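Trainee: below: sequence and its predicted model.
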Amino acid sequence: MQPTSQICRLLAVGDIMLHGKIGKAIETGTDPFAPVAPLLQKKHLLFGNLETLASKARVPHNASAGKYVCPDSAIPLLKKHGFNIVNLGHNHLYDWGNEGVEHTMALLKEAGIAFGGAGKSPEEAGRPVYVTCPGCGLKYAFLCFTGTYNTTSAKNGYLGCPPDHKCVPGLFAEAKRNADIIVASIHGGTCMNEWPAPDMLKACRKAADLGAMVVLGHHAHVFNGIQEYGKSLIAYALPDFVRPMPFDDDELPKGMVHDSHDSFILEVDIAKDKIPNWQIYPCEFDDRPETRPAGKEAEKRSVERVLELSKDISEEKSGQKYLEAATSNFHETYTKNLWKSFRRGGLKWFMQRLMTLKPHHVSILFSGFFKAIKRNAKP
């Protein structure tokens, strides 16, 4: 293919959650992407994290909440709005067992949408997915990683590839041999925390060191900062792009209310061997099923907040702020979430979750525990 442009415009969005009231709206003819369609059409390539899988059987697996599922008709909407590739490697990958994964893959293939992040082994899940840009003619390799709890059990029929797995350097080496540009997608970090978790910070930078020109994080639901790191660009967390509102009470810190949610579409302008330029297109959504371009107030708020969070990372302040936020939120959100899941999945599931804990999770647990004791001890 002969190049038609010297610059490739990659657009990327975070979690696409088409379950619940949004799934029902899609079945009755509502298009949740329609208001932002003109923004999505600005792309040469369009990436998103498809957080809800489709399933015909709809039999929840093990400790699955049994709610993160989209109708089959949602997949053609992704094609309609220009999505070239989606990530399937996330903590809801195996909510519907083999059937859900295979049914979703079949629908994506039928729609002509590439996908990565899921396979019969970590090596297969992390294998590069190649997409040729129709605008510039460059060949892209997308590598999708996650270490979240629903993707690591060898007993599952489909797995994700953790970003620290031993196969990862070899996967990047393969991508370098076969592609012009490497993009890494990493699903991880801590939900509702505006600063990247230590393991997420490390994973994203490792991906850049191994050759990713662009690193796209997601899973936090909110946005984190964006950093020029060496010759690479790292977006540590893309915010939710489409999801039903309001959040469940086990997803939010105590007292936090989300009537609306700030989001954005990330634009990355890529030229081979140059540090990518970037900008954001702020969006917002509420209890209505569509995501919309942000109003002036929300647009200003989002741009300012992204710049603030990016500055925290560049000034090495994000680590302390992450720990403060994670500690204050732990017993107000994660204990509720863990208890719900324990009741669904039992002891086996709980032990599986323990295997995914990182060292900083232990420090957060004890710090939050002692802070709770102090608060309760006050007269």
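Mentor: Nice, thanks for sending it over.
Trainee: what's the spacing between Phe247 and Lys67?
Mentor: Computed as CB to CB, to the nearest Å, the Phe247 to Lys67 distance reads 13 Å. To be clear about C-beta, it is placed using only N, CA and C from the backbone, and glycine gets the same treatment.
Trainee: which of these two has more neighbours?
Mentor: Higher neighbour count among Phe247 and Lys67: Phe247, with 18 against 14, using other CB atoms under 10 Å.
Trainee: tell me the SS of the more buried one?
Mentor: coil (DSSP: H, G, I helix; E, B strand; the rest coil).
Trainee: okay, the residue nearest the centre of the chain: pLDDT?
Mentor: Centroid-nearest residue in the chain, with CA atoms, centre = their mean: His218, separated by 2.5 Å. On pLDDT, His218 comes in at 98.
Trainee: any idea which element Val215 lies in?
Mentor: Using DSSP states H and E, Val215 sits within strand 214-218.
Trainee: what packs against that strand?
Mentor: strand 8-16, strand 181-187, helix 198-209, strand 232-238, strand 261-270 (3 or more CB pairs under 8 Å, 6 or more residues apart in numbering; DSSP states H and E).
Trainee: hang on, Cys144 is in a strand, isn't it?
Mentor: Yes: with three-state DSSP as the criterion, Cys144 is part of a strand.
Trainee: residues contacting the nearest residue to it once chain neighbours are set aside?
Mentor: Ranked by CB to CB, 6 or more residues apart in numbering and with sequence neighbours excluded, the top spatial neighbour of Cys144 is Gly117, at 3.3 Å. Going by CB atoms under 8 Å, 6 or more residues apart in numbering, Gly117 touches 87-90, 93, 125-126, 144-146, 160-161, 185, 187.
Trainee: which strand residues bridge Ile265?
Mentor: Counting by DSSP bridges, Ile265 is bridged to Tyr281.
Trainee: extract the CA atoms of stretch 266-283 and return them as CSV.
Mentor: Extracted as CSV, the C-alpha positions of stretch 266-283 are listed here (Å, rounded to 0.1, in the frame of the first residue of the first chain):
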residue,chain,number,x,y,z
LEU,A,266,-7.4,10.6,22.8
GLU,A,267,-5.9,11.7,19.5
VAL,A,268,-2.3,10.6,18.9
ASP,A,269,-0.6,12.0,15.8
ILE,A,270,2.1,9.6,14.8
ALA,A,271,5.0,10.0,12.4
LYS,A,272,7.6,7.2,12.2
ASP,A,273,10.7,7.8,14.5
LYS,A,274,9.2,10.9,16.1
ILE,A,275,7.6,11.4,19.5
PRO,A,276,3.9,11.5,19.0
ASN,A,277,1.8,14.6,19.5
TRP,A,278,-1.4,14.3,21.3
GLN,A,279,-4.6,16.1,22.3
ILE,A,280,-8.0,15.2,23.8
TYR,A,281,-11.6,15.6,22.7
PRO,A,282,-13.5,15.9,26.0
CYS,A,283,-16.8,14.0,26.2
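Trainee: model confidence score at the closest residue to Lys120 other than its chain neighbours, please.
Mentor: Ranked by CB to CB, 6+ apart and with sequence neighbours excluded, the top spatial neighbour of Lys120 is Tyr158, at 6.7 Å. The model reports Tyr158 with a pLDDT of 97.
Trainee: how far away is Tyr158 from Pro35?
Mentor: Taken as CB to CB, the span from Tyr158 to Pro35 is 33 Å.
Trainee: between these two, which one's more packed in?
Mentor: Using other CB under 10 Å as the criterion, Tyr158 and Pro35 rank with Tyr158 on top: 23 against 15.
Trainee: so Thr132 touches Leu138, yeah?
Mentor: Yes: Thr132 is within contact range of Leu138, at 7.4 Å (criterion: CB atoms under 8 Å).
Trainee: and the two? Which one has more around it.
Mentor: Between Thr132 and Leu138, counting by other CB under 10 Å, Leu138 is the more crowded of the two (20 against 15).
Trainee: tell me the contacts of the closest residue to the more buried one other than its chain neighbours?
Mentor: Closest residue in space to Leu138, ignoring its immediate chain neighbours: Asp180 at 4.2 Å, by CB to CB, 6+ apart. The neighbourhood of Asp180, defined by CB under 8 Å, 6+ apart, consists of 138-140, 272.
Trainee: check these against His19 and report the nearest one.
Mentor: Nearest to His19 among these is Tyr140, at 29.0 Å by CB to CB.
Trainee: and the gap between the closest one and Gly217?
Mentor: 18 Å.
Trainee: now Arg292
Mentor: Distance, Arg292 to Gly217, by CB to CB: 24 Å.
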